[in-house]
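[1] need coordinates for the following:
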Amino acid sequence: MNTNDAIAYRIKKLLKEKKITQYRLEQKSGVYHGVMDRILLGYNKTVTLATVYKLARGFDITIYEFLDDDIFRSEDLEIE
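    Numbers count the residues shown, from 1 in each chain. As a prediction, the model looks like this:
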């Protein structure tokens, strides 16, 4: 799994945990629908730190909380 896949996984997990829709996250974070779709479908291979920061704000959490998941600690995580 690469970092972009891990970010998509984390977004999906937080959407379920926080019980919010993708649309609501897009509105709160300012991340455009097309960008969000490309991330979640695995088409976007360059998710920036700025985008991760916006997503975290959209979830009303810190960037540290966003990245605080076992998926980012995995030995199998490929850093590109």
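
[2] list the buried residues of the helix or strand encompassing residue 65.
    Assigned by DSSP states H and E, residue 65 falls within helix 63-67. Neighbour counts over helix 63-67 (16 or more other CB atoms under 10 Å) mark 66-67 as buried. Yep, even glycine has a C-beta here, placed from its N, CA and C like the rest.

[3] same question, stretch 8-17
    Neighbour-count burial for stretch 8-17 [16+ other CB under 10 Å]: 8, 10-11, 14-15.

[4] now do stretch 19-39
    20, 25-26, 29, 31, 35-36, 38-39.

[5] what do you get for stretch 65-80?
    Per 16+ other CB under 10 Å, stretch 65-80 contains these buried residues: 66-67, 71.

[6] dump these to TSV, plus distance to residue 60 and pLDDT.
    Shown next, in TSV, are the buried residues of stretch 65-80 (distance: CB to CB, whole Å; pLDDT from 0 to 100):
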residue	distance to residue 60	pLDDT
66	11	98
67	15	96
71	20	92
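
[7] quick one: which of those is nearest residue 1?
    Relative to residue 1, the closest of the buried residues of stretch 65-80 is residue 71; by CB to CB it sits at 7.6 Å.
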